Structure formats: structure tokens, C-alpha cells
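S.K.: Sharing a model prediction with you, sequence too.
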Amino acid sequence: ADSAPFRFNFDVGAVDDGDDGDGGGDADPSVPAGEQPGEVGDAHASPVTSSPLRSSPSSPASPSGHRHHEEQALGQGGGEREALEVRFTREAVEGEPSRGSFGEIQLTRGIALWKVEHRAGDERTASLNYIDGKSDLIPGKYEGGFKIWECSVDLARYVVERYALNAPRDGCSASATAMEGTQALDLGCGHGIPGLVCARFGASVVFQDFNREVLEFVTAPNVMRNVAGSGAEERVRYIHGDWSMMLPLVEAESFDLIMTAETIYEPRTMPSLYRVLKHCLKPGTGVALVAAKIYYFGVGGGVSQFEEFVKRDGHFEVEHVMDIDDGASNMRKILKLSTK
């Protein structure tokens, strides 16, 4: 039987833009969590024409060449857990009708990003519309990726600060290659706001979300709109599916920076997320940034539960690097994990 729609039991305050999704999961501890709570308000719309996208499987860049396929349509029950790398390219056909509009997210005074606000006129998305209005997630089927969540914006802003990407006082913008050579992973990416910042400034980025449709209809269009003409599209990969199944698709200990937002809301799904962090982060110099609310009411997860879980294992040092208390919703934090 289909899982009942689920909504988080807390008030959501508006930030100034909003939407990010995540990584997947259900009651099984081995099944990853999704990008959840704390939806932020809509940005000011700025309609632009977006080229339609098509997707096709691509061979993963992992040494093993292993890939999981057997794709399953969003909203359909059953089927085995999976992970698959996919590639998205613009259609070369001219004259296609507009597929939607973009809105602007002002991260800092010097940096703004475009994000998909609405996709219309596409029969492939019509069956997904009920998700946006009725639930924050459907466990094991939909993990919130069509919306932007508060902590994803917090995390993007912290990345700007950490890597000094904002416009300096002399008015000169940070170099477009400021993060060149950085290997970044945006886990439970949804709209991919933190990963977009990295790609825009020269990093190579893997965007991962539980739902392939999220990558196709919001993440990839966002990437193409924000980094058009910069060559960044060649440095980007997309993986959809379970965290518990994605490890063969990524090289061990290869990422300088791993980012994940609002994915520790459910204690039972923390082990899957943690295994990915442990497998993927580069020892010594690598940093993982986890943005989350202090506590997720009605679900049980939160910062303290995840921090205790990490400390019990003893592999990572944990540091609180940012506290956010804007009075609009539950307090939020960003944790930095690094190998001991």
C-alpha cells in the first residue's frame, strides 16, 4: 500500500528565498534520509525561458565501473533500493515553449543565484504536482527536493563566508576560479543551492538526491542557468537514489568538501548518511558541513542526536561553526566534521 503523506509538526518561518530537497529513506535504518523541514518563502519571480532537458544514463567515474539501475517512477511503491548516475543535456531543438520561470536568491550582498520557481506545460511533471501541496515527504518515495529549505540557504551562505567568495570591500568580485580543484559533494541536494555556489566558483560538484525527477526538473536547470558558459557543466555529475546504494558510484576518500542540509531529521536514517560521509571525505584536509535544526518536532532527529552518533563512532572531530536564530523558526546550526 502507498505510504500516507507526511507533514512536519512545526511552524515554518519564511527566509528570503526558498527550496531544497534530499536523499531518501524510510523506517529501515539503512535507508537514507531526505532533505526536509524548514521550507523558506518564495523568492521574487523573474521569468526566463529555460531550455528543456533530457536525461540519459552515464557511466559512473568510479574505478569499479559499477552502477545500479532499475529506475522506479516517483510515487510508485515497491521495487528495490537503487542508485544511478544520470546526465542531463539541453535539447538542441529551437522553438520549444518555455518550461517555467526562475526566481532569484540573494545569498549575500555580492552573490545571488537563480533557482527554478515553477515548471509548467510538461506532462512529465503533471503527476508530481500533488506532492508540493500535500506533503513535505512521502517516506521511501519523495524526499522534499522540489522545495528549498532554510538550512540549505544557511549552508550556502556559510560556504560563501568560509571560502571568502563574497565581493571584497574594494568592490572586486571573488575569482570564478576561487574553488578550482575542489571536489565537492552536495548530499540530498534538492535545488542544490550550496553546490551551485561551489560550481559557480570553479569546484567540481556531484549533486545527489533521492529522486531522479528532482535532479531533472530543478537541480540540472539550476546548474545550467547559474553557470551557463563557464564550463562548469563539464565539472558536474548527478546521482539519484539511496545513500545506502551510492557508494560504488563515488571514489572513496575523494571529496574535499561534503555538504548536506536538513537531512538528519530522522534518527533511524542517520547511519546511511554517516556511512557516505565516512566513505567519501578526504582524510586530513576534507571537511563535511551538516546544516540542521536543533530539533525536528514530531520526528525526533536534530543536531544533538547526530552529534552524539558521530562522537560515539570516534572517526570525526565535530565543531559548531554557525548558529542561526532569526526568530522565524526553530534554531539552526551548522556542524563541521573533519577526520581526527
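M.R.: Received it, and whenever you're ready, just let me know what you need.

S.K.: ranges for the helices of the protein?
M.R.: Along the chain, counting by DSSP state H, helices occupy 123-126, 129-134, 150-162, 193-200, 212-214, 220-226, 270-280, 303-313.

S.K.: As CSV, these with distance to Glu251, mean pLDDT and mean neighbour count would be great.
M.R.: Bear in mind the C-beta positions are built from the backbone N, C-alpha and C, glycine included. Listed next are these as CSV, based on distance: least, Cβ to Cβ, whole Å; pLDDT from 0 to 100; neighbours: other Cβ atoms under 10 Å:
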stretch, distance to Glu251, mean pLDDT, mean neighbour count
helix 123-126, 32, 50, 11
helix 129-134, 33, 51, 13
helix 150-162, 22, 95, 25
helix 193-200, 17, 96, 28
helix 212-214, 22, 87, 25
helix 220-226, 21, 88, 22
helix 270-280, 8, 96, 20
helix 303-313, 22, 96, 16
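
S.K.: Now render the ones you listed as JSON lines, adding distance to Met331.
M.R.: Below are these laid out as JSON lines (distance: least, Cβ to Cβ, whole Å):
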{"stretch": "helix 123-126", "distance to Met331": "35"}
{"stretch": "helix 129-134", "distance to Met331": "26"}
{"stretch": "helix 150-162", "distance to Met331": "11"}
{"stretch": "helix 193-200", "distance to Met331": "20"}
{"stretch": "helix 212-214", "distance to Met331": "27"}
{"stretch": "helix 220-226", "distance to Met331": "28"}
{"stretch": "helix 270-280", "distance to Met331": "20"}
{"stretch": "helix 303-313", "distance to Met331": "9"}
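
S.K.: out of these, nearest to Leu247?
M.R.: Nearest to Leu247, of all these, is helix 270-280, at 5.3 Å by Cβ to Cβ.

S.K.: Please name every helix or strand in contact with that closest one.
M.R.: Judged by 3 or more Cβ pairs under 8 Å, 6 or more residues apart in numbering; DSSP states H and E, helix 270-280 is in contact with strand 183-187, strand 257-261, helix 303-313.

S.K.: Going along the chain, name the strands of the stretch 51-200 of the chain.
M.R.: Listed in chain order, the strands of the stretch 51-200 of the chain (DSSP state E, counting those that start in this stretch) span 53-57, 83-90, 100-106, 112-119, 183-187.

S.K.: nearest to Thr339, of the helices of the chain?
M.R.: Closest to Thr339 of the helices of the chain, according to Cβ to Cβ: helix 270-280, at 9.0 Å.

S.K.: and the angle for the closest one with strand 257-261?
M.R.: Helix 270-280 runs at 160 degrees relative to strand 257-261, counting by axes from the mean of the first three to the mean of the last three Cα atoms, to 10 degrees.

S.K.: Looking at the helices of the chain, which is nearest to Gly286?
M.R.: With Cβ to Cβ as the measure, helix 270-280 is the member of these nearest Gly286 (8.3 Å).

S.K.: OK, contacts around the nearest residue to Asn330 once chain neighbours are set aside?
M.R.: Distance criterion Cβ to Cβ, 6 or more residues apart in numbering; nearest residue to Asn330, sequence neighbours excluded, is Lys293 at 4.5 Å. The contact partners of Lys293, taken as Cβ atoms under 8 Å, 6 or more residues apart in numbering, are 37-38, 150-151, 262, 265, 302-303, 329-333.

S.K.: Specify the beta-bridge partners of Leu337.
M.R.: Ala288, Val318 (DSSP bridges).

S.K.: Is it correct that it is in contact with Val310?
M.R.: Yes. Leu337 lies in contact with Val310 (Cβ atoms under 8 Å); the separation is 6.6 Å.

S.K.: on that earlier part again, and the helices and strands packed on helix 270-280: which comes nearest Pro194?
M.R.: The minimum distance between Pro194 and the helices and strands packed on helix 270-280 falls on strand 257-261, with 4.3 Å, by Cβ to Cβ.

S.K.: Mind listing what's buried along the closest one?
M.R.: Going by neighbour count (16 or more other Cβ atoms under 10 Å), the buried part of strand 257-261 is Leu257, Ile258, Met259, Thr260, Ala261.

S.K.: thought Gln325 was touching Lys333?
M.R.: You called it Gln, but residue 325 is Asp. No. Taking Cβ under 8 Å as the definition, Asp325 is not a contact partner of Lys333, at 9.6 Å.

S.K.: Settle it for me: which of the two has more neighbours?
M.R.: Neighbour count, other Cβ atoms under 10 Å: between Asp325 and Lys333, Lys333 has more, with 21 against 11.

S.K.: who are the neighbours in contact with the spatially closest residue to the more buried one that is not a sequence neighbour?
M.R.: Nearest residue to Lys333 in three dimensions, chain neighbours excluded: Val303, at 5.0 Å (Cβ to Cβ, 6+ apart). Val303 makes contact with Ile264, Ala292, Lys293, Ile294, Tyr295, Lys333, Leu335 under the criterion Cβ under 8 Å, 6+ apart.

S.K.: so what sits against both of Leu337 and Val310?
M.R.: Phe316, Val318.

S.K.: Make CSV out of the helices and strands packed on helix 270-280 and add distance to Asp242.
M.R.: Converted to CSV, the helices and strands packed on helix 270-280 look like this (distance: least, Cβ to Cβ, whole Å):
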stretch, distance to Asp242
strand 183-187, 12
strand 257-261, 15
helix 303-313, 19
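
S.K.: Select, out of the helices of the chain, the one closest to Tyr238.
M.R.: Across those, Tyr238 has its closest neighbour in helix 220-226 (6.6 Å, Cβ to Cβ).
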